[in-house]
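> predicted coordinates and the sequence they were generated for:
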2 protein chains.
Amino acid sequence: MIKKYTFGNPIETNATVIDISETKGTLEFFERDNNTFILRLAENDIVYGLGQQVRGLNKRGWKYASNNLDNPNHEEDTLSLYGTHNFIIISGDSLFGAFFDYAGIITFDIGYTHRNLLTVTPDDDNLDVYIITGENETDIVRQFRNLTGRSYAAPKWAFGYGQSRWGYKNADDVRAVAESYRNNNIPIDSIYLDIDYMERYKDFTVDNDAFPDFSGLTAEMKKQGIRLVPIIDAGVKIEDGYDVYEEGVKQNYFCKDADGNDFVAAVWPGRVHFPDVLNSDARKWFGEKYDFLIKQGIEGFWNDMNEPAIFYTEKRLESSIEKINELAKTNMGINEYFELKDAVNSLANNPDDYKLFYHNIDGKKVRHDKVHNLFGFNMTRAASEAFDKICPNKRILMFSRSSCAGMHRYGGMWQGDNKSWWSHLLMNIQMTCNLNMVGFLYTGADMGGFGCDTTEDLMLRWLQFSLFTPLMRNHSALGTREQEVYRFDNMESCRKMIEIRYALIPYLYSEYMKAVLNDDMMFRPLGFEFHDKFSRNTEDQLLLGNEIMLAPVYTQNAEGRYVWLPEEMMFVRMRSLNDYETEILPSGHHYISAKLDELVFFIRRNKAIPLCSAARCTDEIDMSTLHLFGYENSSYELYDDDGISKNISRENISTII
Amino acid sequence: MIKKYTFGNPIETNATVIDISETKGTLEFFERDNNTFILRLAENDIVYGLGQQVRGLNKRGWKYASNNLDNPNHEEDTLSLYGTHNFIIISGDSLFGAFFDYAGIITFDIGYTHRNLLTVTPDDDNLDVYIITGENETDIVRQFRNLTGRSYAAPKWAFGYGQSRWGYKNADDVRAVAESYRNNNIPIDSIYLDIDYMERYKDFTVDNDAFPDFSGLTAEMKKQGIRLVPIIDAGVKIEDGYDVYEEGVKQNYFCKDADGNDFVAAVWPGRVHFPDVLNSDARKWFGEKYDFLIKQGIEGFWNDMNEPAIFYTEKRLESSIEKINELAKTNMGINEYFELKDAVNSLANNPDDYKLFYHNIDGKKVRHDKVHNLFGFNMTRAASEAFDKICPNKRILMFSRSSCAGMHRYGGMWQGDNKSWWSHLLMNIQMTCNLNMVGFLYTGADMGGFGCDTTEDLMLRWLQFSLFTPLMRNHSALGTREQEVYRFDNMESCRKMIEIRYALIPYLYSEYMKAVLNDDMMFRPLGFEFHDKFSRNTEDQLLLGNEIMLAPVYTQNAEGRYVWLPEEMMFVRMRSLNDYETEILPSGHHYISAKLDELVFFIRRNKAIPLCSAARCTDEIDMSTLHLFGYENSSYELYDDDGISKNISRENISTII
């Protein structure tokens, strides 16, 4: 049961796809104090939700701001990351979901100021609030997802292993990576191209010196079963003669400043304009640009910097430099030194700069900060709507860094610029669940960690979790340790884990597509299925579909971990596809041993999963090798299709025994 | 058994107090490759040690640099913190300790580049290496400690609860804190004064406007059982008319630049000179300055910024500003923007600046970077040696931020500028053990977290660990949430925890003093006592003395945790001194419940600990209320003395039944 309450005159967010008539009268559950929604929490209430935010499954005990931000510091005290997902579920004395459908900045104090108080404060009083009641958490999520529309369906090849690095400078670098994977017999499906493939970081260009025959390279790689996946940034470089820039200026497709001039910010290429993706004509225009790369054989993209990130604006740079020069003339002590640092470190993504430009939302001039959280959403929507026209019956891989509730209809998302930290492996585990709640089924983190130097054991443990997530991508930043798995002493163990991934693809793809079709979560907290107190408080185990429980090892030098089993399950300890043990464990607390090269997971009681033989790439998966693995005499409902066309239907489900 | 190997001509570090004759011939255990010491690790070898470094008890799987650094970012990829403790223990297929006695920068790659390789690389080839073999880990530590000298003994009042904040601006702020603690019946023994008590951040001055009668305030507080503990910084402000500055210049007591001029760096007060604490005359002079505050009733100090931290040097500032102005003229893209940030963010603590100044080590001119890690050590030594003269039979509280092996003879250390992160509570638990290994028995972390906003549940859980550590100080930074415990909704629970602390003081003081007398660790890893595989791999439980095992709760919203019991123990769940349960648990894996307001710990088999009634402050502890808590028919060896004089002796130990 969904009730919609409207306050003021909300700006359309396009988060929802179903019209629900407004409920008049007092909002359920919450009290109000000015703009703020107030909820008293019972001692044992759990608050789920918020999608992409730091901390765990239970969001209680911190404050969060929905304020899309290019923030590489995913730390315990972080307030905002790249996406906005204003959906929460209160589970305890009461049980309901609340969706704050709002395009601007909104804060959630979930037991931070007072442990027993939840407050939600939007920047102004114009928003829709949806209150969702249901039988249980899963039912509430399903209703929310029905309200916000069917999740994006990725092509099957996007379930293969992907290798990325900010640092592949030219075609030969790409070839060397492909060759190393193939020569070492490590399965792979994709190589990602970070910003260096572009000519001077200009969207929809290719650096012809570094990649002299881009179409040829794409074809050459495809022959090996490898797709290239280029990055697209939000800012369009200001450069005379650059077609995208010149068209945008001519057609008034860029965001404007207060005086009506094209707004200037600086990002990767230096000075840029932002395409006004909230304007339907500009969105259509920008989306069609992706065809430049599709024509050269590209079948997938990742949208980056679309919060949108701003390195600096000209005015702020000017005043900062002035400040710096003034300070440097003084005998700077503690206060002045901190001011100096702040003058530089507050240049990027400054909230005040987001008040300096405007969108033309189909005739209506709207200041950016009022709709800030919709930018990434609409950049991805631009691409997705164009794909529908460019290749009407072919699925294109699309995932984005920035997002907002509703964007899950148009693409997936990776979990941003994380670090090679064990704690970020745990965050990945938890965030995967939290993103599933709001419909982002196609997701995964930069495995091994993007920033900082990784270690071979972190990489192997991370592989042991990522081999279950739809997006399985190894990505790292310029200047950090190279982390292609063939570089490590334990490459053999890594290869075995990636082979297990490929054996699991029929199952993962099936669970993913069933979740798409049924508005379900592919990954769920234990507490969504089991309501005992241990399950409700478990923060480091997940349910995958109805068949698997994951209990990943995420601490260094650990040789095992504790696990709570809410019911009997089959414990699997697997070193490779043909080297494993299984054991039926009764419900209760267990310590399970798991050496570094051992993948551990659980098959739920009387369930089984389909496994196939490993393959070099998804195109070569042999479905005739499929067999059930798990409890005897069980069956599995398998979704399968051609993996690329858009004929997605429940008719593709069959029972296998 | 200790063997000493000398390479080249080592600079004297004063880390050791016993002369051991050099062993000629090949170094045991390690191979050498140029400067690098190489050790092959077995699969299950644990590497303990390194004192103040990030990560856990087992240091394997990361790289570390001994390079004392003012680094508030205690993160998984951090290479250096404030202290240098080049002592490691290899425990596994072989068992031995190694101490690299070296004053310069030295790196440890402990299974980072290759998981099975440990390499140690000093900057040059002049150092002593001590190889220590023994019966077990505890024995090896004891030998190392015997080699490096008896640990600093703090006064008993330093075991009371302390409140601190960078932000107490004047005497009334201090009075308000004292009053709030007293009015709320929360025990307290000390209030710390951060930099604002000084006149323009000048060492050994008091801001007479903010603290008009400093001696009066000290006495007023002392009457309430509260000691004031001021901070002392390393840099001496350059200011005409300031006696410390003028004396230092006149006597040549400051570090010099290459041209023989007093070296200029900038820290809290702006431009400063560094006292040359490696010179015995300058050290004596600087130490005597503490008397300025002792004369006003001060009985304890904390030494800060003594890595020494440098905000900037004049030349680097100049070139950075030039660079910034150049860059700002260009169309800065990704590369130039990162250069801009770097120009400011690399100003502080720049390695090249540590090559710009020199020490006069009693006649010998030594470039600072060669002895960098000795600075904090010798600043604290300066104070300690002066205290011996100023008040020969009175213990003064002294702890330092920067340190080096050997400094444990002169003072304790707090664990630096941490953050209000749950992961820093875990780091505190682990680091306490690691610091004990190298003799830093008087230690504790900024409870609740120094940087970032704390939460009431984090504070309460942190209290539940800190109530066992010698230094129990609540400290926070300017601009963060105020975190005096009376500000929280759960103040009552906090008060009860602090009361438990006071009841434990006879035990904690006794265990501390026995560890001082016996070169023992007060806190030990489980694996030091029990050699089963679970104990060896346990990273989040500690032994306290011979009687207690700690298994703190360090995750948010947790209502309990898993615990490994290597043998039968008594489980204690305590809400207050007279509201608790005990239960004998057999050896094995257990899940123990622990609600937010419940302290949990274990009493070891057939052991008991002395508890007294709570008191307002340590001076009011009534030893006649002492009783044993734990297993029946057990006894305890209690150390007790007057808590302040230096008559420390095993004769103060008596058996209580």
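Arrived safely. Residues are numbered from 1 along each chain as shown, chains lettered A, B, ... in the order given.
> contacts for the helix or strand harbouring A:Phe465 next, please.
For A:Phe465, the element it lies in under DSSP states H and E is helix A:456-466. For helix A:456-466, contacts defined as CB atoms under 8 Å, 6 or more residues apart in numbering or on different chains pick out A:420, A:422, A:425, A:428-429, A:444-445, A:447-449, A:472-474, A:483, A:485, A:488-490, A:493-494, A:497-498, A:550, A:552-554, A:556-557, A:596-597, A:599-600, B:61, B:115. Just so you know, the C-beta spots here come from the backbone N, C-alpha and C atoms, and that holds for glycine as well.
> is the longest helix along chain A positioned near chain B?
Counting residues, the longest helix found in chain A (DSSP state H) is helix A:491-518. No. Helix A:491-518 lies apart from chain B when judged by CB under 8 Å from any CB of the partner chain; the minimum separation is 11.0 Å.
> in that helix, which residues are buried?
For helix A:491-518, a neighbour-count test (16 or more other CB atoms under 10 Å in any protein chain shown) marks A:491, A:493-517 as buried.
> can you tell me the element A:Ile321 falls in?
Assigned by DSSP H and E, A:Ile321 belongs to helix A:314-328.
> name the next helix or strand downstream of that helix, please.
Assigned by DSSP H and E, the successor of helix A:314-328 is helix A:334-345.
> what angle sits between the longest helix of chain A and helix A:456-466?
Using axes from the mean of the first three to the mean of the last three CA atoms, to 10 degrees, one finds that helix A:491-518 and helix A:456-466 are set 30 degrees apart in direction.
> and helix A:491-518, what's its mean pLDDT?
Across helix A:491-518, the average pLDDT comes to 98.
> go on, stretch A:561-579?
Mean pLDDT, stretch A:561-579: 98.
> same deal with stretch A:611-621?
pLDDT averaged over stretch A:611-621 gives 97.
> how about stretch A:430-447?
98.
> now that stretch: how far from the chain's centre is it?
Relative to its parent chain, stretch A:430-447 has a centroid offset of 6 Å by CA atoms, centre = their mean, to the nearest Å.
> what's the answer for stretch A:474-484, then?
So, by CA atoms, centre = their mean, the centroid of stretch A:474-484 is 19 Å from its chain's centroid.
> pull out the buried residues from that stretch.
In stretch A:474-484, counting by 16+ other CB under 10 Å, buried: A:Asn474, A:His475, A:Ser476, A:Ala477, A:Thr480, A:Arg481, A:Gln483, A:Glu484.
> excluding sequence neighbours, find me the nearest residue to the fifth one.
For A:Thr480, the nearest residue in space outside its immediate sequence neighbours is A:Asp453; the separation is 5.4 Å by CB to CB, 6 or more residues apart in numbering or on different chains.
> what about the one you found, which helix or strand?
Applying DSSP H and E, one finds A:Asp453 in no helix or strand.
> who's in contact with it?
A:Asp453 neighbours (CB under 8 Å, 6+ apart): A:Ser420, A:Thr480, A:Arg481, B:Lys63, B:Asp77, B:Tyr112.
> contact partners for the first one?
By CB under 8 Å, 6+ apart, the contact set of A:Ser420 is A:448-455, A:458, A:476, A:480-481, A:483, B:76-77.
> nearest to B:Asn325 among the residues you listed?
B:Asn325 lies nearest to A:Gly451 out of these, by CB to CB, at 29.1 Å.
> burial of the closest one, as a residue count?
Residues near A:Gly451, counting by other CB atoms under 10 Å in any protein chain shown, number 21.
> that one contacts A:His475, correct?
No. When contacts are counted by CB atoms under 8 Å, A:Gly451 is not listed as touching A:His475 (10.3 Å).
> for the closest residue to A:Met522 other than its chain neighbours, give me its contacts.
The shortest distance from A:Met522 to any non-neighbouring residue, by CB to CB, 6+ apart, is to A:Ala515 (4.3 Å). Contact partners of A:Ala515, counting by CB under 8 Å, 6+ apart, are A:Ser151, A:Asn436, A:Leu441, A:Met521, A:Met522, A:Gly545.
> now flag whichever of those is closest to A:Asp209.
For the contacts of A:Ala515, with A:Asp209 as the reference and CB to CB as the criterion, the closest is A:Leu441, at 39.1 Å.
> any idea how far the closest one lies from A:Asn373?
As for A:Leu441, its distance to A:Asn373 is 20 Å (criterion: CB to CB, to the nearest Å).
> please apply the same query to A:Ala258.
Distance from A:Ala258 to A:Asn373, by CB to CB: 21 Å.
> of those two, who's got more company?
Using other CB under 10 Å as the criterion, A:Ala258 and A:Asn373 rank with A:Asn373 on top: 27 against 12.
> and the residue of the stretch 151-300 of chain A found nearest chain B, how many residues sit next to it?
Closest approach between the stretch 151-300 of chain A and chain B, counting by CB to the nearest CB: A:Gly270, at 3.8 Å. Counted by other CB under 10 Å, the residues lying close to A:Gly270 total 21.
> residues in contact with A:Thr107?
Residues near A:Thr107 by CB under 8 Å, 6+ apart: A:Lys63, A:Tyr64, A:Ala65, A:Ser66, A:Val120, A:Thr121.
> most surrounded residue in the residues you listed?
A:Ser66 (30 neighbours).
> in space, what's closest to that one - neighbours in sequence excluded?
Nearest residue to A:Ser66 in three dimensions, chain neighbours excluded: A:Thr84, at 4.0 Å (CB to CB, 6+ apart).
> do A:Lys222 as well
Per CB to CB, 6+ apart, closest to A:Lys222 is A:Gly297, 6.5 Å.
> what of A:Lys341?
In space, A:Lys341 is closest to B:Val344, 5.8 Å off (CB to CB, 6+ apart).
> ok, the one you found - how many residues close by?
For B:Val344, using other CB under 10 Å, the count is 22.
> cool, A:Thr133 as well?
Neighbours of A:Thr133 under the rule other CB under 10 Å: 16.
> same check, this time on A:Gly134
18.
> OK, contacts around it?
A:Gly134 sits next to A:Met1, A:Leu95, A:Phe96, A:Gly97, A:Ile140, A:Arg142, A:Gln143 when contact means CB under 8 Å, 6+ apart.
> filter those down to the buried ones and hand me the PyMOL line.
Those of the contacts of A:Gly134 that count as buried under 16+ other CB under 10 Å are selected in PyMOL with:
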select buried, chain A and resi 95+96+97+140+142+143
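> and the contacts of A:Gly134 as JSON lines, adding secondary structure?
Shown next, in JSON lines, are those (DSSP: H, G, I helix; E, B strand; the rest coil):
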{"residue": "A:Met1", "secondary structure": "coil"}
{"residue": "A:Leu95", "secondary structure": "strand"}
{"residue": "A:Phe96", "secondary structure": "strand"}
{"residue": "A:Gly97", "secondary structure": "strand"}
{"residue": "A:Ile140", "secondary structure": "helix"}
{"residue": "A:Arg142", "secondary structure": "helix"}
{"residue": "A:Gln143", "secondary structure": "helix"}
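> nearest to chain B among the contacts of A:Gly134?
Among those, A:Leu95 lies closest to chain B (CB to the nearest CB), at 17.8 Å.
> which parts of the stretch 551-657 of chain A are helices?
Under the criterion DSSP state H, counting those that start in this stretch, the stretch 551-657 of chain A carries no helices.
> for chain B, what is the nearest residue in it?
In the stretch 551-657 of chain A, the residue that lies nearest chain B is A:Tyr562 (4.1 Å; CB to the nearest CB).
> let me see the contact set for that residue.
With CB under 8 Å, 6+ apart, A:Tyr562 has these contacts: A:His589, A:His590, A:Tyr591, A:Ile592, B:Tyr562, B:His589, B:Tyr591.
> how about A:Asp207?
A:Asn170, A:Asp196, A:Tyr197, A:Met198, A:Glu199, A:Arg200.
> give me the local confidence score for it.
Predicted confidence (pLDDT) for A:Asp207: 98.
> likewise for A:Met549?
98.
> over to A:Asp362?
89.
> and the average pLDDT for the helix holding A:Ile321 is what?
97.
> repeat that for stretch A:45-54.
98.
> measure how buried the residue nearest to A:Asp45 when sequence neighbours are not counted is and give me the count.
Leaving aside its sequence neighbours, A:Asp45 sits nearest to A:Gly92 (CB to CB, 6+ apart; 3.3 Å). As a burial measure, A:Gly92 scores 13 neighbours (other CB under 10 Å).
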